[in-house]
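Colleague: Pasting a predicted model and its sequence here:
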Amino acid sequence: MIILILSTFVLLSGVVLSTHAQILPQNNNPAATTPEPISTSSPVKNPYGIRITDPTNGKQFFINGTNYYNDDGQKLSVKGFSVANSGNLTNCDVSLVTNNKFPYQPANGTGPQGKDDYSKWSYTFGSKYANLHEGSNKITSKLTCESGSAKAYYSVNITGVKFNGTIPKPTTSLNLASQPNVSTTPTLNYSKLENKPNNLSGDTLHKSNLENIDIPVTNIRINSPINGATINVDEPITVNGTSEYPSNYDCEVMVAAGNSAGVIAPASANHSNFKTTLPFGNNGTEDYREWGTVLEPGTTTLKNGSESLTAKLQCYSPLSSVKFAKVNVIANSPIPAELKTMDVSIDKSGEGLNQRIIIGASDAETNEPLTQTLITGSINDNKFSGSTNTEGKFTTTISSDVLESGDTINVSVTVTKDGYKLKKTSTSFEGTPINPSETPAERPEEPSTERSDNEKDLTDRIFDDVQKQLSDQGINIPLPFG
């Protein structure tokens, strides 16, 4: 019997390992494989995966307080396997959670290399973590590797039924309530293995609890830019491509620019420089079988020289899966044309409260006025902005507050125009206090020559008339002002 059990265990392990190879045939160990040229047809495959093999989805179990039993009357446990491209799972661990009652509970590694080998694993429920209930219960397993940066998940739903004293199984009957001498923590019963064939084949496995464990075919390709293309990092970069995955899978495509994208294991979230793309598939807004995105200047880490663009197809359910495609590109940032220089002038004009600042901009070499040139600056604490006119001039008034204060008028200007070097300059003008209530004194009018002559004629006529009247009366007295 022992020999039969060991033979069956070894055979099962071999078939499971064979199944692993079907799921993830690629090895990430550089020493074990010869690197292929990077192209859109050589995606990096899923590095990790996990599967619950028992209980299967929809399986029924029995609840007796905080004790749970399968339909064989054995203590309910969860078993499964994990896979890795490298074939090594000793640096990983497996845990599970039921009905989202956290934290995750650690499972036991049962792989051929010992308790730290999680290529096979198991977990048995106990009273310390007992939150299963009647009806539907969700069990989620998690594989964690690479110090937590790589994760994969798998879930099943099982149905809880209240234990009524007897397990309804024709060959097994267990009355826990009436048999106190029966252990409430039964051990694994291998008796049924005696009736199982010892020549399990792949076909047999596909008819058993391991049916459909193959991760479906998924793939991703970058169509543009092509491998070896030259891209301008100062302009928007359009990236598009195609992907393949089953219609019942929940997937998305992300893109990273630069050589630091790295291989990210399947996970619903990760911290990396991958950015989501837009789906353009025929089946709607979630169909990434055709996809694309635009990388705007300044949003990537691309530098001049050899760089890479990496696309990632990330599938979340019903199985975690990830595929990569990468193209090498030549990043180029053209040297901008040499900028011209400009001359800027600042002048003041006007009197009283009607004074203004006039700013002029002209080409330093040709002295031609520069139109539509952006002018920003300030007069003391008052800011202004605008653009030059067809004569290359910009005018702004000086506020009455500045003029009335008599403070020094400080003008600072920044002038910018495409194709020209930025120009900053400043100057000051002496201030004179101005009282708006005072009016200028009226100047006496200059007497006109015509007015003086008329007045002289009138005076002479008056003298002559007075002299005549005195003579008529026999008085001949010369007037003193005659």
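Modeller: Everything's here; your move. Please read all numbers here as calculations on a predicted model, not as lab measurements. Residues are numbered from 1 along each chain as shown.
Colleague: and residue 313, what is it in contact with?
Modeller: The contact partners of residue 313, taken as CB atoms under 8 Å, 6 or more residues apart in numbering, are 43, 218-220, 243, 245, 251-253, 288, 321-325. From N, CA and C alone the C-beta is placed, and that goes for glycine too.
Colleague: What values do phi and psi take at residue 389?
Modeller: Main-chain torsions, residue 389, degrees, to the nearest 10: phi -90, psi -170.
Colleague: I'd assumed residue 371 was in contact with it.
Modeller: Yes: taking CB atoms under 8 Å as the definition, residue 389 is a contact partner of residue 371 at 6.8 Å.
Colleague: looking at the chain, which helix or strand is least sure?
Modeller: Every helix and strand of the chain was ranked by mean pLDDT, DSSP states H and E. The lowest is helix 202-206, at a mean of 31.
Colleague: Following element in sequence after it, please.
Modeller: strand 219-224 (DSSP states H and E).
Colleague: quick one: strands adjacent to that next one?
Modeller: If you go by DSSP bridges, strand 219-224 pairs up with strand 237-244 (antiparallel).
Colleague: Quick one: mean pLDDT for the strand it pairs with?
Modeller: Averaged over strand 237-244, pLDDT sits at 94.
Colleague: on contacts alone, who are the packing partners of the helix or strand that it is followed by?
Modeller: Next along the chain after strand 237-244, taking DSSP H and E as the criterion, comes strand 250-257. Helices and strands touching strand 250-257, by 3 or more CB pairs under 8 Å, 6 or more residues apart in numbering; DSSP states H and E, are strand 237-244, strand 275-276, strand 290-295, strand 305-317.
Colleague: now what about strand 250-257, what contacts it?
Modeller: By CB under 8 Å, 6+ apart, strand 250-257 touches 218, 220, 237, 239, 241, 243, 245, 272-277, 279, 286, 288, 291, 293, 295, 300-302, 307-317, 321.
Colleague: Swap in 6 Å and give it another go.
Modeller: When contacts are defined by CB atoms under 6 Å, 6 or more residues apart in numbering, strand 250-257 is touched by residues 239, 243, 245, 273-277, 288, 291, 293, 295, 300, 302, 309-317.
Colleague: cool, stretch 406-421 as well?
Modeller: Here stretch 406-421 makes contact (CB under 6 Å, 6+ apart) with 339-342, 344, 346, 357, 359, 361, 370, 373-380, 422-429, 431-433.
Colleague: how about residue 403, secondary structure?
Modeller: Under DSSP: H, G, I helix; E, B strand; the rest coil, residue 403 falls in the helix class.
Colleague: For it, the count of nearby residues, please.
Modeller: 21 (other CB atoms under 10 Å).
Colleague: Show the contacting residues for it.
Modeller: 353, 434.
Colleague: separation between it and residue 327?
Modeller: Distance of residue 403 to residue 327, computed by CB to CB, to the nearest Å: 66 Å.
Colleague: So which of the contacts of stretch 406-421 belong to strands?
Modeller: Per DSSP state E, strands hold the following members of those: 342, 344, 346, 357, 359, 361, 374-379, 423-429.
Colleague: just to revisit the earlier point, do you know which of the helices and strands packed on strand 250-257 lies nearest residue 472?
Modeller: For residue 472, the closest of the helices and strands packed on strand 250-257 is strand 290-295, at 118.4 Å, according to CB to CB.
Colleague: Now do the closest one, average pLDDT.
Modeller: Rounded mean pLDDT across strand 290-295 is 94.
Colleague: Next, the buried residues of that strand.
Modeller: Buried residues in strand 290-295, counting neighbours by 16 or more other CB atoms under 10 Å, are found at 290, 291, 292, 293, 295.
Colleague: Please apply the same query to stretch 319-331.
Modeller: For stretch 319-331, by 16+ other CB under 10 Å, it's 319, 320, 321, 322, 323, 324, 325, 326, 327, 328, 329, 331.
Colleague: Show me where the stretch 101-250 of the chain has its strands.
Modeller: In the stretch 101-250 of the chain, the strands defined using DSSP state E, counting those that start in this stretch lie at 105-106, 108-109, 120-124, 135-145, 150-162, 219-224, 230-232, 237-244, 250-257.
Colleague: Next one: residue 160 from residue 81, what distance?
Modeller: Residue 160 sits 25 Å away from residue 81, going by CB to CB.
Colleague: Compare these two (neighbour count), which wins?
Modeller: The residue with more neighbours, out of residue 160 and residue 81, is residue 81; 26 against 17, by other CB under 10 Å.
Colleague: just checking, the more buried one is part of a strand?
Modeller: Yes: judged by three-state DSSP, residue 81 forms part of a strand.
Colleague: Identify the residues contacting residue 356.
Modeller: By CB under 6 Å, 6+ apart, the residues touching residue 356 are 349, 350, 395, 397.
Colleague: let's go with 7 Å and repeat that
Modeller: Residue 356 sits next to 349, 350, 395, 396, 397, 398 when contact means CB atoms under 7 Å, 6 or more residues apart in numbering.
Colleague: Of the residues you listed, which is the nearest to residue 140?
Modeller: Distances from residue 140 to these, taken as CB to CB, are shortest for residue 396 (68.3 Å).
Colleague: related to what we said a few turns ago, pull out the buried members of the contacts of residue 356.
Modeller: For these, a burial check counting by 16+ other CB under 10 Å picks out 395, 396, 397, 398.
Colleague: In CSV: those residues, plus secondary structure and pLDDT.
Modeller: Formatted as CSV, those follow (DSSP: H, G, I helix; E, B strand; the rest coil; pLDDT from 0 to 100):
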residue, secondary structure, pLDDT
395, strand, 95
396, strand, 95
397, strand, 93
398, coil, 91
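Colleague: Can you add distance to residue 53 and give those back as CSV?
Modeller: Listed next are those as CSV, based on distance: CB to CB, whole Å:
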residue, distance to residue 53
395, 84
396, 80
397, 84
398, 86
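Colleague: Which member of these is positioned nearest residue 139?
Modeller: residue 396 (74.1 Å).
Colleague: Just the element for the nearest residue to the closest one once chain neighbours are set aside, please.
Modeller: Ranked by CB to CB, 6 or more residues apart in numbering and with sequence neighbours excluded, the top spatial neighbour of residue 396 is residue 384, at 4.5 Å. Under the criterion DSSP H and E, the helix or strand holding residue 384 is strand 382-387.
Colleague: helices or strands next to that strand in the packing?
Modeller: In this structure, strand 382-387 packs against strand 374-379, strand 393-397, with contacts taken as 3 or more CB pairs under 7 Å, 6 or more residues apart in numbering; DSSP states H and E.
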